[in-house]
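Q: From the sequence below, what's the structure:
(chains A and B)
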Protein chains: 2
Amino acid sequence: MLFQQITVIGVGLIGGSVGLGARTRKLTGRVVGVGRDPKTLARAVELGAIDTFSTSLLEGVKDADLVVVCTPVDRIAHVILEAASHVRPGTIFTDAGSTKHNISCELVRKLSADFPYIPAHPLAGAEKAGVEHARAELFQDRVTIITNPLTNALTEAAARVEKFWRALGSRVVHMDAEEHDRVMASTSHLPHAVAAGLAAATPIDFLSLSAGGFRDTTRIAAGDPALWAAIFMANRDPVLVALRVFTDHMAEFQRLLEAGDGAGLVQWLAEAKKVRDALGS
Amino acid sequence: MLFQQITVIGVGLIGGSVGLGARTRKLTGRVVGVGRDPKTLARAVELGAIDTFSTSLLEGVKDADLVVVCTPVDRIAHVILEAASHVRPGTIFTDAGSTKHNISCELVRKLSADFPYIPAHPLAGAEKAGVEHARAELFQDRVTIITNPLTNALTEAAARVEKFWRALGSRVVHMDAEEHDRVMASTSHLPHAVAAGLAAATPIDFLSLSAGGFRDTTRIAAGDPALWAAIFMANRDPVLVALRVFTDHMAEFQRLLEAGDGAGLVQWLAEAKKVRDALGS
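A: Numbering: from 1, shown residues only, chains lettered A, B, ... in the order given. Got it, this is the predicted structure:
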C-alpha cells in the first residue's frame, strides 16, 4: 500500500480511472471522491471508482495522504491552494492537468513549502468524458509526464508520487514544465483545434457521405468545449506558436495547389507521411 | 451471375476488394486483373482477388462484360479510352475514382457512345494501400456514389452497374458529379490535407509524447502521396474553396485565443462539437 487515503478531486474520466486503478491494484486503504454533484459521486461509488465521497473539500481532504486533483486545468491551482488549508502537514499533492507551467507558476508564489506538489500529466484521455467511461487500465502502458516539483526538498514525496503513477501502469517521463507545454501544444492542443476547425467547416448535410478518414480526423472535436477552452487559455502562447507552424504548412499546400504543382504536392505529402509513418499505426 | 467476365484494372486495395467481393459473392464467372507488375498480380491470384491476370490491357479487357477501373484518378479517363478500343461493343465501364467531374468531362468529349460508362465512387478506403489489405467485405454497409452517366440511353447498363455495387454490399446514392466533388472536397480531400499539414508540423522527437488524439487526427496522413496529389489536382477548385472555409475557422480560433476570449472559444468549440456529435462515434 502506497497511501492510507487518497482523495481524488474531480471524479470524471481521469479521476474515476485514478480511483479505479488505485483500488483495483490495492495502492491505498481507501479512495475518497470530492466533487459538486452527489449523484455523480454516488455513481462513482457504484462503479467502484471511489469508496466514499464528500461534496465538501474540507471533509474530503482532511485525512488524505495524497490528493490527486483531476479538475479542469483552470481550477487546479485554486483547488490545491484551498485544499492546503485543510490537510495535515506533509500531505502530498499531484494532478492530472494537460498544462503545467501556468499551474506551477501560480503555486510557486502561493503554496506553502509544507505541502509537496508533484505536477503530473498522464497522457490518457478520450473523447468520452465522465466517470461512466472510467477504466482501471486507462493509464496502462501510457506515458505520465512529471514536471519539476516546486521545491528541492521533495525527493521523498516526488519518489512516492512517481511510484504511484507507475503503479497505475504508466511509464513516467520527467520534463521541464515549459517544455511539456510546448510539446503538448503540438501533439495534443493544436490537433484538437484543427479537428474542431475541420468539423465546424463541414456542412451537416454532407456528413452522411463521409467515411473513416473524416471520422478519425475529427473524432476529438467531440470533446468538452469548456474543458478545452480552459486548456487553450492556459497554454496560449505555445498553442499560438504551433498554430503558426501549421498555418504555414497549409499556406504552402494552398500555394502548390493553386499553382497546379503536382510534383510539389507529392513532396509536401511525402514529408507529412514520413512523420506519420515514424509514429506507426 | 451479373457478368460473365469482370476485368479489374489496378489491383490494389480497392481493385483487389472488388475482385474478392465479386468472386466470394459469385457475381461473375471470372475476374481478370490488369496491372503493370506481374508479381503483384500473381499475389492477387494467390489471395483469391482475381482468377487470372495480364499485364496487357488489350488481353485483359478483350472478353470483358464489365471493366472496373481502380487506378489513381489521373489515369482513369486515359485507361478507359484506351481499353475502349479493345473491348467488344456494349462492354460496360465503371470506376472507383475519388473524383468524378474531371473524368466525366474528359470522357464526354472523347468516349464513343457505344461504351456505357457509369461513374462510381465507393466510399471505402484505408490508409493501408495494396492488394494485401483487400477484403471481400470492404464495401459492406458503405455508400457507393454513382454520378450521372454520360448518355441518356444507358438505363440498362446503369441498372446493372448499380446492381453490381449493391451486390458488393454497398448502399448506392445518386449525385451530380460536380456536387459529388464538392462534398468530397469537404469530407475527404480537405481532411487529408489537414491531417498531412498537422503531421508535417510536428517535430519527430515529440511523437513519443503523443496520444490517441494525435494518432487519430493524423492517421490518413500515411496515405500514398502520389495518389493523393492526383486527387487534389483533379479536384482543385472545390478543395481550394473548402480550404478557405477551414482557414477562416482557424483564423477565428487564432483571433479568439490571441484576445484571451474564453467564452468565445467555448462557443467556437461548441459549434464544432455539434457537427461532430451529429456524426456519432
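
Q: okay, now residue A:233: neighbour count?
A: Residue A:233: 20 surrounding residues under other CB atoms under 10 Å in any protein chain shown. The C-beta positions use only the backbone N, C-alpha and C, and glycine is treated the same way.

Q: For the nearest residue to it once chain neighbours are set aside, give me its contacts.
A: Once flanking residues are discounted, residue A:233 sits nearest to residue B:262: 5.3 Å by CB to CB, 6 or more residues apart in numbering or on different chains. By CB atoms under 8 Å, 6 or more residues apart in numbering or on different chains, the contact list for residue B:262 reads A:229, A:230, A:233.

Q: Okay, and the first one sits in which element?
A: Right, the one you point to is residue A:229. helix A:225-234 (DSSP states H and E).

Q: send the alpha carbons of the helix or strand following that helix over as CSV?
A: Moving toward the C-terminus from helix A:225-234, the next helix or strand (DSSP H and E) is helix A:236-258. In CSV, the C-alpha atoms belonging to helix A:236-258 read as follows (Å, rounded to 0.1, in the frame of the first residue of the first chain):
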residue,chain,number,x,y,z
ARG,A,236,-2.0,30.2,-25.1
ASP,A,237,1.5,31.2,-26.3
PRO,A,238,2.8,27.7,-27.2
VAL,A,239,-0.5,26.9,-28.9
LEU,A,240,-0.3,30.1,-31.0
VAL,A,241,3.3,29.2,-32.0
ALA,A,242,2.3,25.7,-33.0
LEU,A,243,-0.7,27.1,-34.9
ARG,A,244,1.6,29.4,-36.9
VAL,A,245,3.8,26.4,-37.9
PHE,A,246,0.7,24.5,-39.0
THR,A,247,-0.8,27.6,-40.8
ASP,A,248,2.4,28.0,-42.8
HIS,A,249,2.3,24.3,-43.9
MET,A,250,-1.3,24.8,-45.1
ALA,A,251,-0.4,28.0,-46.9
GLU,A,252,2.3,26.1,-48.7
PHE,A,253,-0.3,23.4,-49.6
GLN,A,254,-2.6,26.1,-50.9
ARG,A,255,0.2,27.7,-53.0
LEU,A,256,1.2,24.4,-54.5
LEU,A,257,-2.4,23.5,-55.4
GLU,A,258,-3.2,26.9,-56.9
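
Q: now the angle between helix B:236-258 and helix A:236-258, please.
A: Computed by axes from the mean of the first three to the mean of the last three CA atoms, to 10 degrees, the angle separating helix A:236-258 from helix B:236-258 equals 170 degrees.

Q: Show me which positions of the helix or strand following helix A:236-258 end up buried.
A: For helix A:236-258, the succeeding helix or strand toward the C-terminus, using DSSP H and E, is helix A:262-279. The neighbour-count check on helix A:262-279 (16 or more other CB atoms under 10 Å in any protein chain shown) flags A:262, A:264, A:265, A:266, A:268, A:269, A:272, A:273, A:275, A:276, A:279 as buried.

Q: cool, and stretch A:232-250?
A: A:232-236, A:238-240, A:242-243, A:245-247, A:249-250.

Q: got it, and stretch A:191-205?
A: Result for stretch A:191-205 [16+ other CB under 10 Å]: buried residues A:191, A:192, A:193, A:194, A:195, A:196, A:197, A:198, A:199, A:200, A:201, A:202.

Q: again with stretch A:133-145
A: A:134, A:135, A:136, A:138, A:139, A:142, A:143, A:144, A:145.

Q: any idea how far it is from the chain center?
A: 11 Å (CA atoms, centre = their mean, to the nearest Å).

Q: Alpha carbons of it, as CSV, please.
A: The C-alpha coordinates for stretch A:133-145 follow below in CSV (Å, rounded to 0.1, in the frame of the first residue of the first chain):
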residue,chain,number,x,y,z
HIS,A,133,-16.2,5.7,-19.1
ALA,A,134,-13.5,5.4,-16.4
ARG,A,135,-11.3,2.2,-16.5
ALA,A,136,-8.7,0.8,-14.1
GLU,A,137,-6.5,0.2,-17.1
LEU,A,138,-6.7,3.7,-18.6
PHE,A,139,-3.1,4.5,-17.8
GLN,A,140,-1.7,1.1,-18.7
ASP,A,141,1.3,1.5,-21.0
ARG,A,142,0.7,5.2,-21.4
VAL,A,143,3.2,7.9,-20.6
THR,A,144,2.8,10.1,-17.4
ILE,A,145,4.8,13.2,-17.6
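
Q: what does it rub up against?
A: If you take CB under 8 Å, 6+ apart as the criterion, stretch A:133-145 is touched by A:12-17, A:19-21, A:23-25, A:44, A:47, A:49, A:100, A:120-124, A:126, A:165-166, A:168-175, A:180, B:208-209, B:211.

Q: quick revisit: pick the one among the buried residues of stretch A:133-145 closest to chain B.
A: Within the buried residues of stretch A:133-145, the smallest distance to chain B is 6.2 Å, found for residue A:143 (CB to the nearest CB).

Q: quick one: the closest one and residue A:74, what's the gap?
A: According to CB to CB, to the nearest Å, residue A:143 and residue A:74 sit 23 Å apart.

Q: and if you look at residue A:13?
A: In terms of CB to CB, residue A:13 sits 17 Å off from residue A:74.

Q: Which one's more surrounded, the two?
A: Taking neighbours as other CB under 10 Å, residue A:13 and residue A:74 compare with residue A:13 leading, 24 against 19.

Q: quick one, what contacts that one?
A: Contacts of residue A:13 by CB under 8 Å, 6+ apart are A:125, A:126, A:128, A:129, A:130, A:131, A:133, A:134, A:138.

Q: and the fourth one, how many residues sit next to it?
A: Put plainly, it is residue A:129. 15.

Q: which one is the spatially most central residue of chain A nearest to, not counting chain neighbours?
A: For chain A, residue A:98 is the residue whose C-alpha lies nearest the centre (CA atoms, centre = their mean; 3.7 Å). Nearest residue to residue A:98 in three dimensions, chain neighbours excluded: residue A:231, at 5.1 Å (CB to CB, 6+ apart).

Q: Ok, residue A:164 next?
A: residue A:2 (5.6 Å).

Q: quick one: which of the contacts of residue A:13 sit in strands?
A: Assignment to strands by DSSP state E places none of those there.

Q: what's the most distant pair in the residues you listed?
A: The span of those, defined through CB to CB, is set by A:125 and A:131 at 14.0 Å.

Q: Name the residue in these two with the higher neighbour count.
A: residue A:131 (26 against 21).

Q: separation between the more buried one and chain B?
A: 18 Å (CB to the nearest CB, to the nearest Å).

Q: Check residue A:277 too.
A: Taking CB to the nearest CB as the criterion, residue A:277 is separated from chain B by 6 Å.
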